[in-house]
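[1] sequence unavailable; structure follows:
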């Protein structure tokens, strides 16, 4: 058993705050690293200790392995929790920590490497009886041979990056005419994003669902599952809304897909928390392995809500001693939980990130909100623009949707533009509410969406009024010049004028 007392969080934003909360509850010392841009972040304020690791650019800080290892040694950290993103699935990082006697709260470097290579992952899954999408793992260099393989797989098909993720290095090919150009384009993007231009071909499963299974392993061949998450509501391969349970699965389908996920975990002696992702066909009730994420997922709160478990706590306990792996019989699924991702982005301008100061941010007390910001925080263009994850839980799916939709009306956000109204529209969509949707939902149902003048004006009005009351000058400003001369009111007036122009 490892005696872990000092946990360094090699991350930022909401996941750093999330981990800090559990570390403190466990009576352990939380240490957070930070960049120049995050010097005054909420995570730095909350952590027991903090240490600067470099400039604002991720390459200078949160992706800087030597700097983070040095921070561990300087602070006497026993273990590192990587969160998600950045170095969370980097085998070199996990190995560097182990070489310095520091526990990596996650799987082994070997598991990270095997699952990070999509071709190797497919081979392992096939060898252990986990269904994979029909495709080809070994792409030859000869164009004629490639065309022959593609013809056997059948169009439409996908070109996918061997080291890919998040939709990068991926191309949809409808016919042989598009094949070679698509492969070369995918190779270039993969080389740029992952420093690896390897690609493979895979049959395109049309209008599937994206369903993933949360697993936990002890690194000794034992695995449990914590049921599924429905993640089909995506825009450009990025998840927007997640929920558990999936409205698509009945008891027999759930038993089959969770057993396949356990096979995947056992195949690599999985250690810690991981997620096995599948594409699922409603029409055939069939599913295929997509990939394994060797880290804690962004959407883990919905699993926590329906199982009653703290996954970060379980991660730390299993890192201390594999015998802390829960028994499968302890894991039950109760109620329905749903999460939306609130981003600082402008849906009316192609969802471009919207940086700047958050003048006022207030969230509903009736819902769970995981966030790394507060009033006064800055949203930086250096990092992912997620402001918060807002989670509702109820006894049934309809109740959960209603709770979440009502809660979003109580969100006050004044500063950067956000996708708040966009999220509300999804929750109000009859097709979404029915539970009958696929990964094509956004394209089919939301492609023509535009914020109405009344909606965006009302959002700004609520936020502006809150800020007028909140701002530092407060009473002094009102006594001296009146609320109508404040910066917030002037900014609100400009927003209204812009709305009228757009309308």
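    Great, that's in hand. None of these values were measured; they are calculated from a predicted model.

[2] after the one helix or strand residue 312 maps to, which helix or strand is next?
    Per DSSP states H and E: residue 312 is located in helix 311-320. Sequence-wise, the next helix or strand downstream of helix 311-320 (DSSP H and E) is strand 336-343.

[3] geometric centre of this protein: which residue is closest?
    With distances taken as C-alpha atoms, centre = their mean, the residue of the chain nearest its centroid is residue 298 (3.3 Å).

[4] wait, that residue sits on residue 343?
    No: between residue 298 and residue 343 there is no contact under C-beta atoms under 8 Å: 11.8 Å. For every residue, glycine as well, the C-beta is placed using N, CA and C.

[5] follow-up on the earlier one: which ones are touching the closest residue in space to the residue nearest to the centre of the chain that isn't next to it in sequence?
    Nearest non-adjacent residue to residue 298, counting by C-beta to C-beta, 6 or more residues apart in numbering: residue 84, 5.7 Å away. Applying C-beta atoms under 8 Å, 6 or more residues apart in numbering, we find residue 84 in contact with 11, 15, 295-298.

[6] between the residues you listed, which is closest to residue 247?
    The shortest approach to residue 247 among these belongs to residue 297, at 19.2 Å (C-beta to C-beta).

[7] can you pull the contacts of that closest one?
    Each residue near residue 297 by C-beta under 8 Å, 6+ apart is listed here: 84, 212, 214, 229, 275.

[8] how about residue 105, phi and psi?
    Per-residue torsions, residue 105: phi -80, psi 90 (degrees, to the nearest 10).

[9] can you count the residues close to it?
    Close neighbours of residue 105, defined as other C-beta atoms under 10 Å, add up to 29.

[10] quick one: it from residue 177, how far?
    According to C-beta to C-beta, to the nearest Å, residue 105 stands 48 Å off from residue 177.

[11] ok, now residue 115?
    34 Å.

[12] who's more crowded, these two?
    Using other C-beta under 10 Å as the criterion, residue 115 and residue 177 rank with residue 115 on top: 25 against 9.

[13] and residue 40, how many neighbours?
    Neighbours around residue 40, by other C-beta under 10 Å: 11.

[14] which ones are touching it?
    Counting by C-beta under 8 Å, 6+ apart, the residues that residue 40 touches are residue 378.

[15] wasn't it part of a helix?
    No: using DSSP: H, G, I helix; E, B strand; the rest coil, the secondary structure at residue 40 is coil, not a helix.

[16] okay, it and residue 144: tell me how far apart.
    Taken as C-beta to C-beta, the span from residue 40 to residue 144 is 59 Å.

[17] residue 23 now?
    For residue 23, the distance to residue 144 - C-beta to C-beta - is 57 Å.

[18] among these two, which residue is more densely surrounded?
    Shown here are residue 23 and residue 144; by other C-beta under 10 Å, residue 23 has more neighbours (26 against 8).

[19] any weak-confidence spans in the stretch 301-450 of the chain?
    For the stretch 301-450 of the chain, no stretch is flagged by pLDDT under 70.

[20] try it again at 90.
    In the predicted model of the stretch 301-450 of the chain, residues 348, 450 satisfy pLDDT under 90.

[21] got the residue ranges for the strands in it?
    336-343, 345-346, 352-353, 356-357, 360-362, 368-371, 378-379, 386-394, 412-414 (DSSP state E, counting those that start in this stretch).

[22] distance from the chain centre to the fifth one, please.
    Strand 360-362 has its C-alpha centroid displaced from the chain centroid by 22 Å (C-alpha atoms, centre = their mean, to the nearest Å).

[23] then the fourth one?
    For strand 356-357, the separation from the chain centroid amounts to 22 Å (computed by C-alpha atoms, centre = their mean).

[24] the last one now?
    Here strand 412-414 shows a centroid-to-chain-centroid distance of 22 Å under the convention C-alpha atoms, centre = their mean.

[25] cool, the longest one as well?
    A distance of 12 Å separates the centroid of the chain from that of strand 386-394, by C-alpha atoms, centre = their mean.

[26] where do the strands of the stretch 101-250 of the chain begin and end?
    Counting by DSSP E, counting those that start in this stretch, the strands of the stretch 101-250 of the chain are 103-104, 135-136, 157-161, 171-173, 199-203, 209-218, 223-235, 238-244.

[27] hmm, who's touching the last one?
    Right, strand 238-244. Under the criterion C-beta under 8 Å, 6+ apart, residues 166-167, 210, 227-231, 233-234, 298-299, 302-303, 305-306, 333, 336-341, 397, 400, 419, 423, 426-427, 442 lie in contact with strand 238-244.

[28] could you do the second one as well?
    Strand 135-136 has contacts (C-beta under 8 Å, 6+ apart) with 122, 149, 153, 157, 200-203.

[29] 6 Å instead, please
    149, 201-203 (C-beta atoms under 6 Å, 6 or more residues apart in numbering).

[30] go on, the first one?
    Strand 103-104 is contacted from outside by 2, 79-80, 94, 97, 319, using C-beta under 6 Å, 6+ apart.

[31] got TSV for these, with secondary structure too?
    TSV is the format used below for the contacts of strand 103-104 (three-state DSSP):
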residue	secondary structure
2	coil
79	strand
80	strand
94	helix
97	helix
319	helix
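
[32] pop the domain breakdown of the chain in here.
    6-105, 108-131+206-334, 134-203, 335-442, 453-502 (automatic domain parsing).

[33] least reliable of these going by mean pLDDT?
    The weakest mean pLDDT among the domains of the chain belongs to domain 453-502, with a mean of 50.

[34] what about the closest residue to residue 308 other than its chain neighbours, neighbour count?
    Of all residues not flanking residue 308 in the chain, residue 334 sits nearest, at 7.3 Å (C-beta to C-beta, 6+ apart). A count of nearby residues for residue 334, using other C-beta under 10 Å, gives 12.

[35] one more: residue 440?
    When neighbours are counted by other C-beta under 10 Å, residue 440 comes out with 13.

[36] on that earlier part again, so which of the contacts of residue 84 comes closest to residue 289?
    residue 297 (16.3 Å).

[37] which strand or helix spans that closest one?
    Using DSSP H and E, residue 297 falls outside every helix and strand.

[38] state the distance from it to residue 108.
    19 Å.

[39] one more: residue 413?
    41 Å.

[40] just want to know which of those two has more residues nearby.
    Ranked by neighbour count (other C-beta under 10 Å), residue 413 and residue 108 place residue 413 first, with 25 against 20.

[41] for the more buried one, which non-adjacent residue is spatially closest?
    residue 361 (5.6 Å).

[42] over to residue 51?
    For residue 51, ignoring the flanking residues on the chain, the nearest one in space by C-beta to C-beta, 6+ apart is residue 71 at 4.7 Å.

[43] equivalent analysis for residue 36, please.
    Nearest to residue 36 is residue 56, by C-beta to C-beta, 6+ apart, at 4.7 Å.

[44] what kind of secondary structure is the one you found in?
    Strictly by three-state DSSP, residue 56 counts as coil.

[45] ok, now which ones touch residue 189?
    Going by C-beta under 6 Å, 6+ apart, residue 189 touches 168-169.

[46] all set now, cheers.
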